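*Asks:* Sequence first, predicted model second:
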Amino acid sequence: MGQRQYQDLITILDAATTGTGNNVLVQDFQTIVFQFGTAGSATLTVKFQGSVSDTCPDFSAAQSTTNSWDYIDTIDLTSGSAVAGATGVSASGTDVFKNLEINVGGLKWINATITSRSGGSVTVKVKPFYR
C-alpha cells in the first residue's frame, strides 16, 4: 500500500477569543482532521463551517442564497461520536484538546467560528489528506 498523502497543518484560528477564522480551500482533499485546543480555562463554543460554492462565502456573515454555507458535523476521534454542526465543540472552564475529522466529500471551502465565549482562547488547525 502507498503512503497516505497529506498537507502540512493550516491554522484557522490562532489563540483566538472571537470571530471567524481563515478560509481553507479543500476541494482537492478527501478528509480533514481538525486539531482543536483551548487555553486559559476556556469557556467557549466553536462551530465548523463548509460550503460548496465556487467562490468563497463570507463565513462571518449570515447565510443566504448569495452567501451559501452551513455548519458541518465532525467526528470526535477519541470517542467516534458525531458532533452536530449546529451544536459545535464546547469547552467549559477546563482546557480541552481534541482531534476531529470530517469527510470533505463535495465541500470546496471550510472555516471555524467562535459562536460564544466567556473566557480563554482557542486554536484550530487542519491537516488535509488527499483523495
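*Replies:* Received, thanks. Numbering: from 1, shown residues only.
*Asks:* Quick one: low-confidence residue ranges for the protein.
*Replies:* Along the chain, the model assigns pLDDT under 70 to residues 1-4, 131.
*Asks:* ok, Tyr6 touching Lys127?
*Replies:* Yes - judged on Cβ atoms under 8 Å, Tyr6 makes contact with Lys127 at a distance of 5.9 Å. C-beta: built from backbone N, CA, C; applies to glycine.
*Asks:* Between the two, which has more neighbouring residues?
*Replies:* With neighbours defined as other Cβ atoms under 10 Å, Tyr6 and Lys127 compare such that Lys127 has more, 17 against 13.
*Asks:* beta partners of that one?
*Replies:* With DSSP bridges as the criterion, Lys127 is bridged to Val33.
*Asks:* Please report how far Gly19 lies from Asp76.
*Replies:* 24 Å (Cβ to Cβ, to the nearest Å).
*Asks:* The two: which has the busier surroundings?
*Replies:* Asp76 (15 against 12).
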